[in-house]
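**Q** here's my sequence, what's the structure:
(one chain, ligands or ions: 1)
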Amino acid sequence: MTGHDTQDVSGRGIDETGGRQYGKVTASASYGPSSVTLRDNRTGAEAELPILSSTEGGFDVIDMKPLSGDFNHLKTLDPGYPHTASTVSNITYIDGEKGILQYRGYPIEQLAEQSTFMETAFLLREGELPTQEQLGLFEQEMADNADVPDEVVDVLYAMRSKHPMAMISAAVMALADENPDRRVPPHHMIAKMPTIVANAFRISRGDDFMEPDKNRPYTERFLQMCFADEDGCYESSPVLTVAMDNIFILHADHEQNASTSTARTVVSTDVDPVAAIASGVNALWGPKHGGANQAVLQMLDEIGTVDRIPEFVARAKDKDDPFRLMGFGHRIYKNFDPRARIIKEHADSVLEALGVQDEKLAIARELEQIALKDEYFVARKLYPNVDFYSGIILRAMDFPPNMFTPIFEQGRIAGQVAQLEEVVGKPDPITRPYQLYQGPRRRDFVSMESRGIEDAIGTTEDHQPEPV
Ligand code: CMC
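**A** Next up, the predicted model:
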């Protein structure tokens with residue numbers, strides 16, 4: 001940004017003087033390329049706020065730290081944070097307009113094509129791809145720490161009638177400890193998560209807990225615990241293992257999404273990072289986030305046949321109907337989600353290799369084509385996201401829909417660990433946003449006898465908040 005460009009902080013347009021206003025504050029770019037001057041038009045006070053740039057381009061951010069002194073009484077309001085960068089991070093880069101996703105600088109397409117989940121997990125944590133020796137040591141460490149204590153097993157059985165995401169969250173919490181000396185190192189959660197996720201699946205369908213087979217590689221170990229019979233017999237399938245590994249890579253990190261920022265918020269209180277991971281699991285469960293993959297399959301089942309697609313598209317566009325096209329839209333991507341592109345390409349080959357014919361794939365394809373041409377979706381830049389096709393592959397692998405979000409978490413654990421390790425022990429402040437209070441003004445307590453008497457409590461009008 002250069003010269004005198006104005007920045008619209010209100011979304012309300014330009015006033016007659018050419019400045020853009022929000023109440024009485026005008027934000028406009030200063031005379032240099034790297035700062036914004038914020039002026040409080042009530043007092044004339046000004047603050048110079050530096051503009052910080054991303055190493056990759058994309059968008060710049062206004063550093064709000066200097067907003068103190070004369071401006072201490074002013075805070076920013078950005079519900080849902082569509083205009084707020086909550087932190088500085090070196091791990092994952094997304095350009096939502098161009099549909100770019102990179103882990104530590106490496107494009108997701110290259111990682112999906114050429115790396116394994118273990119390599120990607122190492123890369124996310126360490127910042128660099130491992131050498132052969134480093135990878136071997138990391139894989140061994142993951143195998144050595146795949147066991148879970150009895151409390152975890154007990155929790156899984158106790159919660160067997162609940163959704164697997166609830167089981168996983170509770171099982172992860174069973175590993176958390178108040179005493180720093182007894183805590184599980186965060187990266188050992190990458191080792192333990194397959195044991196927890198696979199056994200949530202086993203136990204919820206009525207089978208017994210299965211110990212991890214440490215002689216199998218990471219992803220095969222996970223699949224063996226998922227599908228082995230009670231004697232542990234499981235014939236591995238390279239197609240299935242590679243497809244699963246790929247799904248883990250694609251889900252491994254996604255910068256400050258709802259579950260990651262939840263986990264980072266929780267760990268800012270100095271609690272055990274494992275407890276922060278459990279909070280991330282809870283946030284991921286929601287159908288607007290990781291839970292969308294389960295919701296997509298339910299939606300495709302409900303649509304049933306291609307000829308019913310227009311009915312569902314019309315419902316998605318109807319503002320009086322809460323229905324949304326699941327697997328469409330994203331806070332950041334205003335273009336094709338690159339993960340969806342990769343998963344879509346895999347769907348065909350995986351189904352073919354597994355010999356599965358799923359008519360839902362035809363419905364998904366047709367739905368995608370219709371939505372991509374529909375003015376409503378085009379205008380809002382609503383494209384298929386990662387969850388749109390992943391369920392079809394996971395179902396072909398014999399996972400029921402309630403296991404789709406747990407498998408998302410199984411991949412995401414790598415990113416959660418890297419993101420938490422990035423902040424643990426750093427002198428960052430506790431995450432504690434402000435609010436714009438619009439509740440009742442100060443009033444005196446009303447005795448029980450006087451309640452309900454209008455004069456005593458005042459009229460509703462007295463309690464109306466000031467308009468923003
Ligand atoms: N179907 C119909 N309309 C939609 C959809 C959808 N899936 N998504 C967004 N819109 C509309 C929305 O109603 C709004 O319209 P208007 O401007 O007329 O009010 C506009 O598009 C902008 O939507 P928004 O809700 O303000 O956007 P957001 O950034 O807050 O929400 C989202 C992003 C992912 C929560 C939302 O697109 C959605 O609910 N999608 C369906 C659920 C889904 O697939 N979630 C998985 C996301 S990818 C996995 C992950 O990383 O979590």
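**Q** in the chain, what residue is nearest the ligand?
**A** Nearest residue of the chain to the ligand, counting by Cβ to the nearest ligand atom: residue 329, 2.4 Å away. Quick note: C-beta positions are derived from backbone N, CA and C, even for glycine.
**Q** secondary structure element holding the residue nearest to that residue when sequence neighbours are not counted?
**A** Ranked by Cβ to Cβ, 6 or more residues apart in numbering and with sequence neighbours excluded, the top spatial neighbour of residue 329 is residue 382, at 4.3 Å. Assigning secondary structure by DSSP states H and E places residue 382 outside every helix and strand.
**Q** residue 382 touches residue 331, doesn't it?
**A** No. Counting by Cβ atoms under 8 Å, residue 382 sits too far from residue 331 to count as a contact (11.5 Å).
**Q** the two: who's more crowded?
**A** residue 382 (20 against 14; other Cβ atoms under 10 Å).
**Q** list the contacts for the more buried one?
**A** 325, 328, 329, 371, 376 (Cβ atoms under 8 Å, 6 or more residues apart in numbering).
**Q** what's next to the helix or strand in which the last one is found, contact-wise?
**A** Under the criterion DSSP H and E, the helix or strand holding residue 376 is helix 375-379. Helix 375-379 is touched from outside by 316, 317, 325, 328, 371, 372, 382, 383, with contacts defined as Cβ under 8 Å, 6+ apart.
**Q** just the buried positions in that helix, please.
**A** In terms of neighbour count (16 or more other Cβ atoms under 10 Å), helix 375-379 has its buried residues at residue 377.
**Q** does it come close to the ligand?
**A** No. Applying Cβ under 6 Å from any ligand atom, one finds helix 375-379 separated from the ligand by no less than 7.2 Å.
**Q** for the helix or strand following that helix, name the packing helices and strands.
**A** Using DSSP H and E, the next helix or strand after helix 375-379 towards the C-terminus is helix 387-396. Helix 387-396 makes packing contacts with helix 238-251, helix 292-303, helix 338-354, helix 359-373, helix 404-423 when contacts are defined by 3 or more Cβ pairs under 8 Å, 6 or more residues apart in numbering; DSSP states H and E.
**Q** residue 161 is nearest to which of those helices?
**A** helix 404-423 (15.7 Å; Cβ to Cβ).
**Q** follow-up on the earlier one: ok, the residue of the chain closest to the ligand - how many residues close by?
**A** 21.
**Q** ditto for residue 444
**A** 7.
**Q** so for stretch 89-96, mean pLDDT?
**A** On average, the pLDDT along stretch 89-96 is 96.
**Q** show me which residues of this protein sit near the ligand.
**A** So the chain meets the ligand at 254, 257, 288-290, 292, 316, 324-331, 380, 382, 385-387 (Cβ under 6 Å from any ligand atom).
**Q** in strands only, show me those.
**A** Of the residues of the chain next to the ligand, none are assigned to strands by DSSP state E.
**Q** and the buried ones among those residues, selectable in PyMOL?
**A** To isolate the buried members of those in PyMOL, using 16+ other Cβ under 10 Å:
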select buried, resi 254+257+289+290+292+316+324+325+326+327+328+329+330+382+385+386+387
